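In: got a predicted model here, sequence first, then my questions.
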Amino acid sequence: MLLGLELTLFILIFAVNSELAAKIISMVTANHIGGRLAFIAVGLENGFSSPVIMAVIILYNTTYVCLMYSLFFILSIGLVKIKFIQRFIDGLKQKAVERKMMLRKWNRFFIFIFVWIPLPWTGAAIGSYIAHLEGYSTKDIFLTVLPAMWVGVISWTLWFDELYEFIERFGKGKTMFITIALLVLPLLGFVLNMLRKRVCSKR
């Protein structure tokens, strides 16, 4: 239902204002490259107000988390076998296992904080998998993960809005350096990590 609503809204926006739709696509792309901070930063660079950015991110990420967890559940019980999706979900599961090893026991508070932190691979999807590995029910997972994500979106959007306004006082366009860094550094980190794993596997 959320995915249908999201697609319907996007089609309507594209039909009315294709430039606005392109800006939204750039925000979504930034989200998958650099996480929520990149999502917020690109939204601010595109001239969106904080409430609009919050609404877009909350709707998109809520849909994304529900969809990813549903795929994770369906694939884990073997109802559907699609190799491309399976590899993607397996990658997220592996990240969840790696993050889970950071703490001996993940209670709901730690999961909430983990999801609230807006860094790559600390989002709601990974948080939901960690909660699943800890044995939480689907209801408890969503009651923990989604509010944490919503609070994170609101708090970090407001903070970044203030930060960008402060930086703009020292010169127009200087915030672009932060936005580019938020996009490039996670991607660079991903590439370096892949190279490290490849070197280790050859040894």
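Out: Nice, I can see it.

In: contacts, neighbours, all on C-alpha from now
Out: Fine.

In: tell me the pLDDT at I24?
Out: pLDDT recorded at I24 is 90.

In: and the gap between it and I180?
Out: As judged by C-alpha to C-alpha, to the nearest Å, I24 and I180 stand 17 Å apart.

In: please say which of these two ends up with more neighbours.
Out: I24 (23 against 15; other C-alpha atoms under 10 Å).

In: helix or strand with the lowest mean pLDDT in the chain?
Out: Counting by mean pLDDT, DSSP states H and E, the chain has its least confident helix or strand at helix 83-100, which shows a mean of 72.

In: who's in contact with L185?
Out: G34 (C-alpha atoms under 8 Å, 6 or more residues apart in numbering).

In: how about a cut-off of 10 Å?
Out: I33, G34, V191 (C-alpha atoms under 10 Å, 6 or more residues apart in numbering).

In: and for Y129?
Out: 68-69, 72-73, 92-97, 100, 135-136, 141, 145 are the contacts of Y129 under C-alpha under 10 Å, 6+ apart.

In: now stretch 141-161: buried residues?
Out: Across stretch 141-161, burial judged by 16 or more other C-alpha atoms under 10 Å covers 141-142, 144-150, 152-154, 156-158, 160-161.

In: in helices, which of those residues fall?
Out: Those of the buried residues of stretch 141-161 mapping onto helices are 141-142, 144-150, 152-154, 156-158, 160-161, per DSSP state H.

In: distance of the residue most central in space within the chain from N193?
Out: With distances taken as C-alpha atoms, centre = their mean, G35 lies nearest the centre of the chain, 4.7 Å away. Distance, G35 to N193, using C-alpha to C-alpha: 17 Å.

In: likewise A96?
Out: Distance from A96 to N193, by C-alpha to C-alpha: 16 Å.

In: what does F142 give?
Out: 30 Å.

In: with S18 instead?
Out: 37 Å.

In: what does L67 give?
Out: To N193, L67 is 27 Å away according to C-alpha to C-alpha.

In: of these two, who's got more company?
Out: A side-by-side neighbour count of L67 and N193, using other C-alpha under 10 Å, places L67 first with 15 against 12.

In: surely that one touches A124?
Out: No - L67 is not in contact with A124 according to C-alpha atoms under 10 Å; the separation is 11.6 Å.

In: before we move on, back to that, which of the contacts of L185 are buried? Put it as a ChimeraX command.
Out: In ChimeraX, a selection of the buried entries from these looks like this (16+ other C-alpha under 10 Å):
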select :33,34
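
In: let's have the contacts of L185 in a markdown table, adding distance to K172.
Out: Below are the contacts of L185 laid out as a markdown table (distance: C-alpha to C-alpha, whole Å):
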| residue | distance to K172 |
| --- | --- |
| I33 | 25 |
| G34 | 23 |
| V191 | 32 |
